[in-house]
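Asker: Need the 3D shape of this:
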Amino acid sequence: MPVEFRKVSCPPLETLDVIAPDGVAIGIIGEDGAGQSTLLRLAGGLEPPTAGSVAVGTRRRYLGPGDPLNFAPVDTLLLDHALALHDRLVRARAIMALDRMRQSGTTILFTSHDEELLRDLADEIWWLREGRLIGRGDPPEALDAYRAHISQKIRAWGQTIQTPLSPRLRRGDGRAELQSVDILGEDGKPTRVLRSGELAVVRISVKFKQSVADPVVGMLIRTRIGLNVFGTNTELERLKFGPCSPGDALRLKFAFRCELCPQEYTLTAASHDPNGVWHDWAEDAIAFSVTDTRYAAGVANLRANVSIERI
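Answerer: Residues are numbered from 1 along each chain as shown. Sure thing, here's the model as predicted:
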């Protein structure tokens with residue numbers, strides 16, 4: 001029997017009107033508080049709607065995160081993050097059991113934040129946002145749209161983070177001092193989250209406390225496990241700006257296209273002599289993340305174009 005929501009309201013859900021047909025698995029996605037769990041509880045008869053009606057088979061089962069997995073035959077199975085706490089072996093067995101249930105006509109509604117599970121199990125994705133169904137469709141397309149939405153929100157959140165310079169290690173003879181290290185997005189605003197492919201700027205402010213004849217200022221990006229990703233400095237870029245006198249303060253900007261894969265990175269900054277004697281070296285001065293609308297493995301995002309030719 002299909003699961004039918006007819007103009008259903010039950011906070012936070014508002015006027016939900018949608019049908020899950022017989023023998024399909026519907027993956028329900030959304031941010032916390034969007035109404036995913038409420039939808040399943042309504043279908044499971046655990047909560048009554050404040051408006052509208054819910055039609056569901058007489059045999060139904062609701063399983064939450066801590067409930068024992070029970071895949072005995074039912075008309076409707078409701079999984080509210082029920083596989084989230086289980087290992088890959090249990091999950092693989094569960095997916096096979098759920099496939100058998102679906103083939104026998106069971107309608108499955110499940111919530112999850114796991115894209116792999118959603119792709120493997122769902123026939124269709126429902127996307128809830130602030131209590132409303134704003135999208136539904138083929139899992140790859142729906143998940144791409146949802147990921148793009150989350151990527152934008154993470155990027156916006158990154159601009160709200162204001163953290164002081166807090167290097168893991170700091171050393172040098174003190175002839176110059178790094179005053180600040182910032183990452184700017186393509187809108188020119190400081191951020192701790194960049195989009196992959198975005199034009200980014202590393203801004204380093206340095207103040208000289210003693211005379212330095214030929215200063216060099218540089219930056220180094222590493223992965224969170226310490227792999228060097230990219231580094232450069234004013235000497236490598238053939239930019240001479242010395243000599244500098246006590247009291248001189250400079251702001252340097254290193255601009256680049258952030259073609260990095262989504263993960264966490266650190267940024268090291270330094271002022272030193274051409275022979276490598278440090279004035280001020282700030283190891284892992286700040287941390288930042290890269291987000292994207294799609295998954296990419298590794299560190300460098302080479303943005304490959306794929307073509308096929310029959311031979």
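Asker: Identify all contacting residues around stretch 104-113.
Answerer: Stretch 104-113 is contacted by residues 1-3, 20-29, 36-37, 39-40, 43, 57, 73-84, 98, 101-102, 118, 121-122 when judged by C-beta atoms under 8 Å, 6 or more residues apart in numbering. Glycine gets a C-beta too; all of them are placed from N, C-alpha and C.
Asker: one more time with 7 Å
Answerer: 2-3, 20, 22-28, 36-37, 40, 43, 73-81, 98, 101-102, 118 (C-beta atoms under 7 Å, 6 or more residues apart in numbering).
Asker: Ok, stretch 162-176 next?
Answerer: Taking C-beta under 7 Å, 6+ apart as the rule, stretch 162-176 contacts 178, 180-181, 206-210, 212, 215, 271, 277-286.
Asker: one step back: so of the contacts of stretch 104-113, which ones are in strands?
Answerer: Counted as lying in strands by DSSP state E, out of these, are 3, 20, 25-28, 76-80.
Asker: Any chance of TSV for the residues you listed, columns neighbour count, distance to His149 and pLDDT?
Answerer: Output for the ones in strands among the contacts of stretch 104-113, formatted as TSV (neighbours: other C-beta atoms under 10 Å; distance: C-beta to C-beta, whole Å; pLDDT from 0 to 100):
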residue	neighbour count	distance to His149	pLDDT
Val3	25	25	96
Ala20	22	23	96
Ala25	24	22	97
Ile26	22	19	97
Gly27	27	16	97
Ile28	27	15	98
Thr76	24	29	97
Leu77	26	28	97
Leu78	28	25	97
Leu79	27	23	98
Asp80	23	22	97
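Asker: and which of the residues you listed is nearest to Arg136?
Answerer: Arg136 lies nearest to Ile26 out of those, by C-beta to C-beta, at 8.6 Å.
Asker: CA atoms of the helix or strand containing Thr232 as CSV?
Answerer: Using DSSP states H and E, Thr232 maps to strand 228-233. In CSV, the C-alpha atoms belonging to strand 228-233 read as follows (Å, rounded to 0.1, in the frame of the first residue of the first chain):
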residue,chain,number,x,y,z
ASN,A,228,52.9,20.0,1.9
VAL,A,229,50.4,21.1,-0.8
PHE,A,230,51.7,24.4,-2.0
GLY,A,231,54.1,27.0,-0.9
THR,A,232,55.6,30.2,-2.3
ASN,A,233,57.3,33.4,-1.1
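Asker: What angle do strand 228-233 and the helix or strand following that strand make with each other?
Answerer: Next along the chain after strand 228-233, taking DSSP H and E as the criterion, comes strand 249-257. If you take axes from the mean of the first three to the mean of the last three C-alpha atoms, to 10 degrees, strand 249-257 sits at 130 degrees to strand 228-233.
Asker: Quick check: Val201 vs Leu267, distance?
Answerer: Per C-beta to C-beta, to the nearest Å, Val201 is found 12 Å from Leu267.
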